[in-house]
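Student: Fold the stuff below for me.
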Amino acid sequence: MPAPPLVTRRRSLGLLGASALLWHRMGWGAAAWPPSMALTYQIDGQSGAVPYRAQGTLHWQHGGGRYLARLQVKVLWLSREQTSQGALGDWAPSPQRFTDSKGQGAQARFDPALGTVHYSHGGQAPWQPAMQDEISLYLALAMAQQRHSGQPWQGWVSSARGASLWVFDALAPSTESTPSGTWQTQPMRRLPRREGDTLATLWLAPKLHGLPVRVQLQDAQGDRVDQRLLRYTPLPALGA
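Tutor: Here you go, the predicted model:
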């Protein structure tokens, strides 16, 4: 399946001004960390020729300058859990450990002092400023859009096995219908940089502190995931 077409960036000052007004009406407020909450998604996916439906939950908690984010997905007898933990930076998470239960499980440890990311299966990668993992990325995008709505984003993102540069383009604001209701959103689409990159689009909702109400993913094998927000509930602060 060919990569989605790139969206032409606005070059007209008039269009930029109109877009800024629209983003203001969407409800972006002052930048602040999203409150601790659990977001449950309805997931429609396809693995090979087999379609499936499942649920997944993103648990996000922070307190005392630290955070914990965990994404749990269960499909029939299979489950996967990805966990990110670390410190809250000025405008983005600063991950210290990322684990992924896929397969036999793997872990990445971030060591800014040594400028290195260490992987449990061997090997390492250079640590980059403002580097994220595959879960803290959700929060980094949320904070970035709170500060500079409608702007592209790029940064280094590490899985539990390696790191690469991710680039997101900001698409035109849109209205998304989900099982939890209708949301005004800022869609962000990953621009593939090399063959095999996972295609990703996230619809970030200002009324949900910039967190995604919809996420679409497609990997190099053609497996697809479309997750839409089912509900969200408050959680206690980390350590409370």
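Student: Spell out the secondary structure type for the residue nearest the centre of the chain.
Tutor: By C-alpha atoms, centre = their mean, the mean C-alpha position of the chain lies nearest to Tyr138, the distance being 2.6 Å. The three-state label given to Tyr138 by DSSP: H, G, I helix; E, B strand; the rest coil is helix.
Student: Check the one 3 residues further on too.
Tutor: Remark: Leu141 carries the secondary structure label helix [criterion: three-state DSSP].
Student: Which residues are in contact with Val167?
Tutor: Pro152, Trp153, Gln154, Arg190, Leu191, Arg193 (C-beta atoms under 8 Å, 6 or more residues apart in numbering). Placement of C-beta: from N, CA and C, glycine included.
Student: list the contacts for the closest residue to the residue nearest to the centre of the chain other than its chain neighbours?
Tutor: Spatially, and ignoring its direct neighbours in sequence, Tyr138 is nearest to Pro212 (6.1 Å; C-beta to C-beta, 6 or more residues apart in numbering). Remark: with contacts taken as C-beta under 8 Å, 6+ apart, Pro212 is in contact with Tyr138, Leu141, Ala142, Leu202, Trp203, Leu204, Ala205, Leu229.
Student: all helices for this protein, in order.
Tutor: Assigned by DSSP state H, the helices in the chain fall at 13-26, 136-147.
Student: hang on, the earlier thing: which of the contacts of Val167 has the most neighbours?
Tutor: Each of the contacts of Val167 was scored for neighbours by other C-beta atoms under 10 Å, and Arg190 scores highest at 22 neighbours.
Student: and the closest residue to that residue other than its chain neighbours, bridged to which residues?
Tutor: Spatially, and ignoring its direct neighbours in sequence, Arg190 is nearest to Ala200 (4.1 Å; C-beta to C-beta, 6+ apart). Assessed by DSSP bridges, Ala200 has beta-bridge partners Leu217.
Student: distance of Ala200 from Val50?
Tutor: Distance, Ala200 to Val50, by C-beta to C-beta, to the nearest Å: 22 Å.
Student: higher neighbour count, the two?
Tutor: Ala200 (20 against 8).
Student: close enough to count as contact, the more buried one and Arg224?
Tutor: No. At 11.2 Å, Ala200 and Arg224 do not qualify as touching, with contact defined as C-beta atoms under 8 Å.
Student: residue ranges with poor pLDDT in this structure?
Tutor: 1-30 (pLDDT under 70).
Student: now for the longest strand belonging to the chain, which elements pack on it?
Tutor: In the chain, taking DSSP state E as the definition, the longest strand is strand 50-63. Strand 50-63 sits against strand 37-47, strand 66-75, with contacts defined as 3 or more C-beta pairs under 8 Å, 6 or more residues apart in numbering; DSSP states H and E.
Student: of all these, which lies closest to Ser158?
Tutor: When these are compared by C-beta to C-beta, strand 66-75 sits nearest Ser158, at 14.2 Å.
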